[in-house]
Every structure is written in C-alpha cells, then in structure tokens.
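Peer 1: take a look and give me a structure for this.
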Amino acid sequence: MPPCLNSPNRLLRPILATLAITLVSACSSNPAEAPPPTIAPAQAAVSPPVTGRPDGEVRPLSAKAQAATVDAATGALAVLAPGPAEGSVVTVFGPDGARPVALPGRAVALAGDGDGRVVAATRGGYYRIDLAAGTADKVEVEGHQGTEFTAIARRADGRLVLGSADGAVYTLGSDTSVTAELKVFARVDALVTQGNTAVVLDRAQTSVTAVSENGDSAEQALRAGEGATTMAADDVGRVLVADTRGQGLLVFSVDPLILRQRYPVRDAPYGLAGSSTLAWVSQTASNTVVGYDLATGIPVEKVRYRTVQQPDSLAYDESSGTLYVVSGSGAGVQVIADAAGGRP
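Peer 2: Model (predicted):
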C-alpha cells in the first residue's frame, strides 16, 4: 500500500486552526477593556433596637433616609428619602419646621451649593431644589436621557460632577452639557470634591480615585480598606472614607491622593461627616456616633453619643456646631447641639 503522505497534514490542520484562533483571540484581547475585578459591596449593619434615649433632640421623619446635607447659607438640613409612586422627597428642616419637597422621579444622592439650593442625582440628569421656596425642577443632561446617575458633587468653580451606575464620571461645562467623561469604574457610588478635584468611591472595587481637573483622566487611585461604603469631605482638605467591612476610618489627602491615617472603628462604621475640628463616624451595629480629632496624626476620640436606630447619614452645621444624625430605618432626625463641645 503506498504511503499516504498527506494524512499527517490532514490530522494536523484542525489542531493548527484551533491553535491559531486561540492565539489571535489572546493577542486581540485588551486587559484595559475588560471589566474591573470586583467584590461584593459592603453595607451598613442592620442596627439593633435602641435601648436608651438618644442624646439631643429627635425630630420625626418616618421615611428611610438615603442622604442628608446642611446648606451653609440658610442653616437648613435637607434629607433625601424615597417618596410615593416611584418618586423621592427632600424634607427641608429649617427654623419654621419641616417642609417636604416632592420629586416626581427617584433620586439617589444630594449635594449643596452653599447658597440655598441642593441638587439630587436622578436618571437622565438631576433635580435642582430651592430650599427657601420649596420648589424643584429637573435639569436634563444632554445626550444622557437614559443614564442612571448615582452620585453628584459640586466643584469649587461651581461645575457639577455626576457619576453613573455603569461606572462613568461626567464633568459638566454648563447646567446641561458634558465636557468630559471618564469611564473606568465598576460603578460610581459616591462623589466628593476638594477644590476642583473630584474623588470617586467605587464600593465593588473598594477604591478611591482622584479625577483630573479637566475630568478626562484618573490622577491617582488607591485601595480603600476591605469594604469601603461611604465618603465625605471636610473643610480642611481631607477626604474621609468608612471601611465598613474592615472596621475602620480612612483619612486621605488630595493632590496627590495619599492615605494619611487608618484607624480601627468597631461596630460597622458607615455614616460620615467632616468638620474643621472633628471627623464624625456612626457605628451602625451599636447605634452610636463618635467624634474624632485628626490633628495629631492619629484619630483621637473626643465625644461619643447614643443615636437613633440605623444612623446611616450624618451632616454637620459648621456655623452652629450642630450634628445631625439621620436614621435609615425611619426613626427620625437626631439634632445634637454643640456636638463638638461635649455631651448635651
């Protein structure tokens, strides 16, 4: 029988073809285009029932609050919570009591301008709320009617920065137009600013990232503990991060982004508020809020208060020294006057 010289070639052809496809696929695969590695995001602890009377005064608010901020111009506290019919409500606590401002759509984050207005991120844009008038109007971001915005902050130059559920940061050049986009995150869970630098918290990557002033690149990115959940900026240039899973408080400087302090905080730290004197951290597993002095290079506990159940959101009024602890379970708004000065 004559030798079949082509048989080995016929046998090798499928193998070589498969190898070629594998090599081409491997060469064309770009790691930079792959989704970032993620972990299950950390969450606040489910707080136990309150066993003692919370310190200070508690004002009623039955809604489960999502965010809170103090307006520097009016001293009013704005609290964001879900509303009826897939909407949201911003409740404004001022000298004359509480006033609800209904939003027709669901909003998820708050930021103030220090001049009597707050903004709330929503799908397609943001709501602009006048605290004194009790009115709200929606501002659509051009070309992003379907974008689910999840975070919002205002820079020192007045420009807004928005983050989205699909991991992008948008820097606005006007009320409605985007001038820069940066999409490198799993999700933008929170935004704060120091000057014109925006800082992004990504819970699924447990990372913080400083965005360039022009908004189109990441300047620095750092791991933020074992499971970071919330972030706040203070008046002296720091960014505070609660590492809820890692049971700690992280303190960053900006420009460049550097981790300056890391301090253990037990009982699922979550709510944060910064001030010129103390950093405020809530402990959701024990219904407690603690004020830490950061001036010495290591956080030093100065005051501790009993809180309402589920102290998920904190806000501090620098002019009056009032700390607000806002419940995420509908237990109300706790008002602690002269909070940094000692126990009420």
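Peer 1: any low-confidence regions in this structure?
Peer 2: Filtered on pLDDT under 70, the chain yields the residue ranges 1-35, 342-344.
Peer 1: leaving out chain neighbours, which residue sits closest to the residue nearest the centre of it?
Peer 2: Centroid-nearest residue in the chain, with CA atoms, centre = their mean: Ala190, separated by 2.2 Å. Among residues not flanking Ala190 along the chain, Leu201 sits closest, at 4.1 Å (CB to CB, 6 or more residues apart in numbering). C-beta: built from backbone N, CA, C; applies to glycine.
Peer 1: quick check: that neighbour vs Gln194, distance?
Peer 2: As judged by CB to CB, to the nearest Å, Leu201 and Gln194 stand 14 Å apart.
Peer 1: the two: who's more crowded?
Peer 2: Between Leu201 and Gln194, Leu201 has the larger neighbour count (other CB atoms under 10 Å), namely 26 against 22.
Peer 1: other SSEs contacting the host helix or strand of that one?
Peer 2: Using DSSP states H and E, Leu201 maps to strand 197-202. Under the contact definition 3 or more CB pairs under 8 Å, 6 or more residues apart in numbering; DSSP states H and E, strand 197-202 sits against strand 168-172, strand 190-194, strand 207-211, strand 228-233.
Peer 1: what are the ranges of the helices in this protein?
Peer 2: In the chain, the helices defined using DSSP state H lie at 7-28.
Peer 1: could you give the number of residues near Asp235?
Peer 2: The burial count assigned to Asp235 is 12, neighbours taken as other CB under 10 Å.
Peer 1: would you confirm that it contacts Leu278?
Peer 2: No - the pair Asp235 / Leu278 is not scored as a contact, 11.1 Å apart, by CB atoms under 8 Å.
Peer 1: Gly321 and Gly274, how far apart?
Peer 2: Gly321 sits 14 Å away from Gly274, going by CB to CB.
Peer 1: do the same with Ala72
Peer 2: Ala72 is 13 Å from Gly274, by CB to CB.
Peer 1: cool, Gly105 as well?
Peer 2: Note on Gly105: its distance to Gly274, by CB to CB, is 29 Å.
Peer 1: repeat for Lys138
Peer 2: From Lys138 to Gly274 the distance is 29 Å (CB to CB).
Peer 1: ok, now Arg266?
Peer 2: Relative to Gly274, Arg266 is positioned 21 Å away (criterion: CB to CB).
Peer 1: neighbour count winner among those two?
Peer 2: More crowded of Arg266 and Gly274, by other CB under 10 Å: Gly274, with 24 against 12.
Peer 1: bridging residues for that one?
Peer 2: Ala279 (DSSP bridges).
Peer 1: which residues does it contact?
Peer 2: By CB atoms under 8 Å, 6 or more residues apart in numbering, the contact list for Gly274 reads 232-235, 238, 240, 280, 316.
Peer 1: who's in contact with the closest residue to Arg159 other than its chain neighbours?
Peer 2: Nearest residue to Arg159 in three dimensions, chain neighbours excluded: Leu172, at 5.7 Å (CB to CB, 6+ apart). For Leu172, the contact set (CB under 8 Å, 6+ apart) comprises 141, 159-162, 178-179.
Peer 1: got a ChimeraX select line for the buried ones in those residues?
Peer 2: If you want just the buried ones from those in ChimeraX, going by 16 or more other CB atoms under 10 Å, the selection is:
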select :141,159,160,161,162,178
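Peer 1: quick check: the two most widely separated of the contacts of Leu172?
Peer 2: Spatial extent of the contacts of Leu172 (CB to CB) is set by the pair Val141 and Arg159 at 12.8 Å.
Peer 1: ok, the nearest residue to Glu318 once chain neighbours are set aside - how many residues close by?
Peer 2: Excluding the flanking residues, the one nearest Glu318 by CB to CB, 6+ apart is Ser275, at 5.9 Å. When neighbours are counted by other CB under 10 Å, Ser275 registers 19.
Peer 1: so which of the contacts of Leu172 are in strands?
Peer 2: Within those, residues falling in strands by DSSP state E are 160-162, 178-179.
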